[in-house]
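Novice: Sequence first, predicted model second:
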Amino acid sequence: MIRNASIRLAAAAIVMGCSSAGAQTAGDWVLGNYQNSGYWFPGVAEKIQNGKVTIRYDDGDRETVSSRNVRPYDWMIGMKVECNYKNAGDWYSGTIASLAGERIGITYDDGDKETTKTGRCRSR
């Protein structure tokens with residue numbers, strides 16, 4: 001798990017150091033604007049071709065989007081996100097307290113805490 005977090009951080013640093021595109025090569029960790037919803041979900045770029053990126057999101061969904069709907073994975077401890085609390089369908093705002101691969105610790109704004117999967121969280 002720690003190795004995965006290191007890989008994500010390294011990939012994000014590489015992508016941020018390149019152009020403004022969210023993914024340079026297949027395998028890059030990215031955030032995708034799922035279904036153009038305005039919310040950014042974590043995933044891996046599986047295919048990049050002709051200005052489009054196919055993303056396998058951390059929750060298992062796949063989507064092909066315009067490269068403008070992809071940005072570098074930049075989640076870090078202290079960042080605000082929204083998560084699907086207890087995977088019950090309701091999204092609540094909180095702060096990332098820990099990251100280890102696809103495991104994420106959240107301290108919600110109401111004081112509740114949860115360790116969940118990145119696939120159950122999103123950012124704006």
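Specialist: Yep, it's here.
Novice: From residue 61, how far out is the closest residue to residue 105 other than its chain neighbours?
Specialist: Once its chain neighbours are removed from consideration, residue 105 has its nearest residue in residue 98; the separation is 3.5 Å (Cβ to Cβ, 6 or more residues apart in numbering). From N, CA and C alone the C-beta is placed, and that goes for glycine too. Separation of residue 98 from residue 61 (Cβ to Cβ, to the nearest Å): 24 Å.
Novice: which residues does residue 29 form a beta bridge with?
Specialist: For residue 29, the beta-bridge assignment (DSSP bridges) gives partners residue 44.
Novice: Hmm, residue 41 and it touching each other?
Specialist: No: contact status for residue 29 versus residue 41: not in contact, 11.7 Å apart, counting by Cβ atoms under 8 Å.
Novice: Please report how far residue 38 lies from residue 122.
Specialist: As it turns out, when the distance is counted by Cβ to Cβ, residue 38 lies 10 Å from residue 122.
Novice: the more surrounded of these two?
Specialist: Between residue 38 and residue 122, residue 122 has the larger neighbour count (other Cβ atoms under 10 Å), namely 22 against 9.
Novice: So the more buried one is in contact with residue 92, correct?
Specialist: No: using Cβ under 8 Å, residue 122 makes no contact with residue 92, being 11.2 Å away.
Novice: Which strand or helix spans the spatially most central residue of the chain?
Specialist: Note on the chain: the residue nearest the mean C-alpha position is residue 42, at 2.0 Å, using Cα atoms, centre = their mean. Following DSSP states H and E, one finds residue 42 within strand 40-49.
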